[in-house]
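A.B. asks: Provide a 3D model corresponding to the input given below.
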Amino acid sequence: MMDSVWSAAAWGAAFGTLNGWTARRALRSALNKPDKVFYAVFTAGFLWRLLFLVCAVWLLRDKKYIILLPFAGVLIFTQFMFEAVPLRKHGTKDNT
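C.D. replies: Modelled structure (predicted):
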C-alpha cells in the first residue's frame with residue numbers, strides 16, 4: 001500500500017485534505033459565533049488532528065523513516081493549507 005515515497009506523500013495529501021476540509025467547514029461555521037464556541041471548535045479540531053497524526057504514525061511505525069516522513073510532512077502541510085489560508089482570506093471583517 002505505502003511502498004514508496006510518492007505513495008506515502010499521496011496518502012498523506014489525501015488524509016490531509018480530508019482532515020483539513022472537515023476542520024475548515026467546522027471553523028467557518030463557528031467563525032461568527034461567540035468566542036467560547038469558536039475556541040471550543042478550534043481546540044477540538046486541534047486535538048483531533050493531533051490524535052489523527054499520532055495514530056497514523058503509530059500505525060506506520062513498522063515502515064521505514066523514508067516512508068513515514070513524507071507522509072507526516074505532507075499530511076501536516078495539507079491540513080495547514082486547508083485551514084489557515086481560507087481563514088486568513090475570509091476572516092471576520094471587524095477587528096474588535
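
A.B. asks: Need the residues that contact the lowest-mean-pLDDT helix or strand in the chain.
C.D. replies: In the chain, the helix or strand scored least confidently by mean pLDDT, DSSP states H and E is helix 65-89, which has a mean of 82. Under the contact criterion C-beta atoms under 8 Å, 6 or more residues apart in numbering, helix 65-89 has outside partners 2-5, 8-9, 11-13, 15-17, 19-21, 23-24, 27-28, 31, 45, 49, 53, 56-57, 60. In this view, the C-beta of every residue, glycine as well, is placed from N, C-alpha and C.

A.B. asks: Report the central residue of this structure.
C.D. replies: residue 79 (3.0 Å; C-alpha atoms, centre = their mean).

A.B. asks: for the least confident helix or strand of the chain, which positions count as buried?
C.D. replies: Buried residues in helix 65-89, counted by 16 or more other C-beta atoms under 10 Å: 67-68, 70-72, 74-76, 78-79, 82-83, 87.

A.B. asks: repeat for stretch 27-37
C.D. replies: Of the residues in stretch 27-37, those buried (16+ other C-beta under 10 Å) are 27, 30.

A.B. asks: any idea of the mean pLDDT for it?
C.D. replies: Averaging pLDDT along stretch 27-37 gives 87.

A.B. asks: can you check stretch 15-22 too?
C.D. replies: Averaged over stretch 15-22, pLDDT sits at 90.
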